[in-house]
Each structure stands twice: as structure tokens, then as C-alpha cells.
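Enquirer: I need the structure of the sequence given here:
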Amino acid sequence: MIRKISILDRSRTREGHSAPQALRDTVELARAAEELGYHRFWVSEHHSVPGVAGSAPTVLAAAVAASTRGIRVGTGGVMLPNHQPLVVAEQFGVLESLFPGRIDMGLGRSVGFTDGIRRALGRDTRDADLFEEQLTELLGWLDGTQHVHPQVHARPAEGLPIAPYVLATGEGAGIAARAGLPMVVGDLRGRAKVAEVVERYREEFRASPWGEEPYVMVSGTVAVAGTEEAARRILVPEAWSLAYSRTRGSFPPLRPAEEIEAMEMTPKERELYEGALVGHIHGTPERVAAELAEVARATEADELLVTTSTYDRAALLDSFTGLAKLAGLRADAAPGVDRGGRERAVPAPPH
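Expert: Below you'll find the model as predicted:
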């Protein structure tokens, strides 16, 4: 079993529920994750997506950190091509100042979802190619080595122990290795490819002030339930949302599994929907434990980042509870909380 397990929540909206409710649900889930003993809780960045409420990850991370006691909190991730590196450094400097030793800076290289969003952000697809250059500048703002202007400093970020991570899409693995940063890679449906990316990252890794050794987080969907069918039903709303997006160009709010299973789908929709259900880790605790052990053997990952979304929030919490139980997570081992629930000093290592 992978030693550390964490959660990335995308603040997915649900049919009949508002976007503000989705954000409140994220904060509530973070509190539950801390009680269950998860290592960290991350939020994501999506702009103008109907089914996702999380458009401002650093703001949401602040709300999560303020509502929890010691769990590490971060972003999975801030899409660096959408922002100026100085502004990102300043935002994380504020977060680290307010919640010392708890903040992770997960960074991605994606740009807006559609041409319209990219225009509104003042970006285009070519900006993704500038990620490595932007990353170098951002790290320079944090450690005081930037060369943009000698009289400009990222306050209050400069010199603070902010922990950077690279989301390894496309060329991200090589960028993370060259920068000497921890890497996040997924999804687990393509496990052979994930193993190849991890091997390449470890081979090319260069030690840096940010990390002396490679550090790998693998991400993916995991659903745990009492039966195989109950676990599969957790996956249904997200699978239909993906099929819908690929036939209509936008992600809808999540719908109840029973409604989706009763729908009449076109052959193309059915193909995409069934394909989206394949390959995820789901099932009874025994089956999930066996599959996670296989992932651990194949990747030797340091950490698992679980990205599960579904309509039924109670079923989702039950799944995370079941995963915590089978993994042996303990709430009293969470950073910042002792066995009596009292706050204690929080170390600030990057991992």
C-alpha cells in the first residue's frame, strides 16, 4: 500500500445545487479528510466550466486552511500559463504566512478550456510552452534569485518554505525532473504509461534546493463500497459528464446515477460513457486494496492523490472513509493535531 494518501477535490457542481454550495461542500469534505487522517487536501483551477465551481484555487485553499487545523492544503493546481509568476508567488506567500508549514503550491501548464476562455484570460495555447520559463521565474521569486528586476521582491513570499509541485501533463515530467521538484502524474487508467513517466522522471531528476531526491505522487479515481455495483455507481455521474463534454463541448453538473442509467443514449454517447467507466480503481475494500498494491509495485509512488467526484456526497464520504480504513490512516497522525485534538507545532518539509 502507498504510504501517504491525499485528496484533490474539483468542487464539482451537482444538478439542482448551486456553485456556492459546491464550494461549501469542498470545505466540508476537507474537514472530513482531516478527521480521517488524509495527508493533504488540494483544490483545482477551472475557468467558466458549468460543472466546476473552483475557479480561484488560492482563495479556496485559504478557506480550506482556515476551516481545518493541520492537514496540508494546496492546489492541484494553479495553471501557471494563466498568471504572472510574481502574482502567484505573492498569493502563496500570503497563504504560507497565514498557515505556516501547511501550504503546497501545485502548478500545472494548461491554459483555458476553450478559445473564448483563453481570449478572456488574455492567453492562447502557445502560452503552455512558456511553463518551464515561468516556473524558473516563480521559483526565483520564492528564493530571491530572480533576475526580472533587482529592486522588485515577492513579499511576503521570498524566503518562506513554500512547497512547489509540478503536475506532469505532456512535458511536465521532464520539467519537474530538471527543476528538482516533486511530480504529480495520472491518471491510473493508463498505469503502464504512468509507470513509464515515473521511470523517466526518476532517471532525469536533478537534486535541487527544493528536493534532494525524486518524489512521486500518482493521481486517479478510487471508489470504495460494500459491493462492486455500489462502487461502480459512484463513478457513473463523472463518466456521463465526460461523455457529455466530448459530444457537446462543455461539462455539465453531475446528475444522479439512477437518472443516467435510465437514459437513452446515442451509440456515440454510450461508447464514450462506457469507456469512461473503465480502468478506475473501484470495488470492495479487498479489491481496492489489491489494486492499490499493484499500483504501488508498478510505480513505487511516494503518495496517492485521489480525485474521485460523484453526485451522491454521502456515498463519496463513505468511499473516502472506506479507503482511509483499508489504508490504515489515522486522524491522530495528521500534522498539527495530537491525540487529544490539540494543536501542536507543524514542521514544514516540502513533502
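Enquirer: other SSEs contacting the longest helix seen in the chain?
Expert: The residue-count maximum for a helix in the chain (DSSP state H) belongs to helix 228-248. Applying 3 or more C-beta pairs under 8 Å, 6 or more residues apart in numbering; DSSP states H and E, one finds that helix 228-248 makes contact with strand 222-224, helix 257-261, helix 267-276, strand 281-283, helix 313-327. C-betas here are computed from N, CA, C, even on glycine.
Enquirer: could you export these as a markdown table, including mean pLDDT, distance to L135 and mean neighbour count?
Expert: A markdown table is the format used below for the helices and strands packed on helix 228-248 (pLDDT from 0 to 100; distance: least, C-beta to C-beta, whole Å; neighbours: other C-beta atoms under 10 Å):
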| stretch | mean pLDDT | distance to L135 | mean neighbour count |
| --- | --- | --- | --- |
| strand 222-224 | 98 | 29 | 27 |
| helix 257-261 | 97 | 39 | 15 |
| helix 267-276 | 96 | 31 | 15 |
| strand 281-283 | 97 | 30 | 23 |
| helix 313-327 | 97 | 31 | 18 |
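Enquirer: can you put these in CSV and add distance to F131?
Expert: Listed next are the helices and strands packed on helix 228-248 as CSV, based on distance: least, C-beta to C-beta, whole Å:
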stretch, distance to F131
strand 222-224, 28
helix 257-261, 36
helix 267-276, 28
strand 281-283, 29
helix 313-327, 31
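Enquirer: closest to A157 out of these?
Expert: Comparison of those against A157 by C-beta to C-beta identifies helix 313-327 as nearest, at 32.0 Å.
Enquirer: now do that closest one against helix 228-248, angle only.
Expert: 120 degrees (axes from the mean of the first three to the mean of the last three C-alpha atoms, to 10 degrees).
Enquirer: thinking again about what came up before, out of the helices and strands packed on helix 228-248, flag the one nearest E238.
Expert: Taking the helices and strands packed on helix 228-248 one by one with C-beta to C-beta, helix 267-276 is closest: 7.4 Å.
Enquirer: angle of the closest one against helix 228-248?
Expert: On the basis of the same axes, to 10 degrees, helix 267-276 is oriented at 130 degrees to helix 228-248.
Enquirer: contact partners of helix 267-276?
Expert: 238-240, 242-244, 246-247, 260, 265 (C-beta atoms under 8 Å, 6 or more residues apart in numbering).
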